[in-house]
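Visitor: sharing a model that was predicted from the sequence below.
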Amino acid sequence: MGKSKKTRKFAVAKKMISPKDARVKSNQKAQQAKQQQSKKEKPRHVEQAVSALFFQYNTQLGPPYHILVDTNFINFSIRNKMDIVRSMMDCLLAKCIPCITDCVMGELEKLGSKYKVALRMAQDPRFERIPCGCKGCYADDCLVGMVTKWRCFIVATCDKELRGRIRKVPGVPCMYISSHRYTVERMPEAFGAPR
């Protein structure tokens with residue numbers, strides 16, 4: 001086998017890196033200097049500590065307890081044939097006021113005729129309706145926002161993802177259903193809750 005003859009290409013320049021390319025050392029140094037300068041200029045935003053907390057203990061929580069209820073908590077309560085208000089009182093051994101935000105109510109209405117019983121239960125006069133400032137946002141985001149603004153609520157949900165988000169907010173207990181009973185985590189006064 002002989003060598004294949006290649007014709008030489010005329011007027012072809014070698015490929016060169018552009019002087020504005022990010023791989024050029026001088027550009028990298030300039031970019032790092034710009035980032036450091038922007039970090040120095042920005043004021044640090046530190047959230048103000050909540051005055052209601054004594055370490056992790058929330059002093060704003062007390063009877064009557066205001067409990068923010070999530071959509072799936074109502075659905076699971078109906079499936080387990082539990083009266084929401086009575087079961088909450090059995091769990092916390094005190095008066096409980098279940099509260100529903102506009103976003104949760106909207107979510108229940110969107111679910112349709114299959115969850116008509118849950119919607120009727122949420123419209124019960126014992127449930128307090130809380131107007132939220134958000135315009136049609138996701139119900140979980142609404143609940144987390146309400147809890148971070150005002151730490152006087154207990155959040156009732158069976159959603160593990162939402163419970164994980166609420167655990168990150170200090171001083172907010174979370175109520176959920178386990179073995180056909182309501183339980184509360186991160187609340188020392190809940191004597192009726194099974195351990």
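Guide: Now that the structure is in, tell me what you want to look at.

Visitor: residues in contact with stretch 13-30?
Guide: residue 31 (CB atoms under 8 Å, 6 or more residues apart in numbering). For every residue, glycine as well, the C-beta is placed using N, CA and C.

Visitor: end-to-end on it?
Guide: 29 Å (CA to CA, to the nearest Å).

Visitor: ok, and for that stretch, which residues are buried?
Guide: Across stretch 13-30, burial judged by 16 or more other CB atoms under 10 Å covers no residue at all.

Visitor: any idea of the mean pLDDT in it?
Guide: For stretch 13-30, mean pLDDT is 78.

Visitor: tell me where this structure has helices.
Guide: 25-41, 71-79, 84-92, 102-110, 116-122, 139-149, 160-167 (DSSP state H).

Visitor: export the ones you listed to TSV and tack on distance to residue 57?
Guide: Output for those, formatted as TSV (distance: least, CB to CB, whole Å):
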stretch	distance to residue 57
helix 25-41	36
helix 71-79	24
helix 84-92	16
helix 102-110	27
helix 116-122	31
helix 139-149	16
helix 160-167	15
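
Visitor: and these: which comes nearest residue 49?
Guide: Closest to residue 49 of those, according to CB to CB: helix 139-149, at 13.0 Å.

Visitor: which strands or helices does that closest one pack on?
Guide: strand 65-69, strand 96-101, helix 102-110, strand 153-156, helix 160-167 (3 or more CB pairs under 8 Å, 6 or more residues apart in numbering; DSSP states H and E).

Visitor: what residues are up against residue 192?
Guide: So residue 192 contacts 90-93 (CB under 8 Å, 6+ apart).

Visitor: who wins for proximity to residue 131 among the helices of the chain?
Guide: helix 102-110 (5.7 Å).

Visitor: go through that closest one and flag the buried ones.
Guide: So, applying 16+ other CB under 10 Å, buried residues of helix 102-110: 102-108.

Visitor: then stretch 126-135?
Guide: 127, 130, 132.

Visitor: those residues in strands, which ones?
Guide: Among these, the residues falling in strands (DSSP state E) are residue 130.

Visitor: got TSV for the buried residues of stretch 126-135, with distance to residue 167 and pLDDT too?
Guide: Shown next, in TSV, are the buried residues of stretch 126-135 (distance: CB to CB, whole Å; pLDDT from 0 to 100):
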residue	distance to residue 167	pLDDT
127	25	97
130	22	95
132	21	89
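
Visitor: now residue 192. Nearest residue, chain neighbours left out?
Guide: Among residues not flanking residue 192 along the chain, residue 93 sits closest, at 4.5 Å (CB to CB, 6 or more residues apart in numbering).
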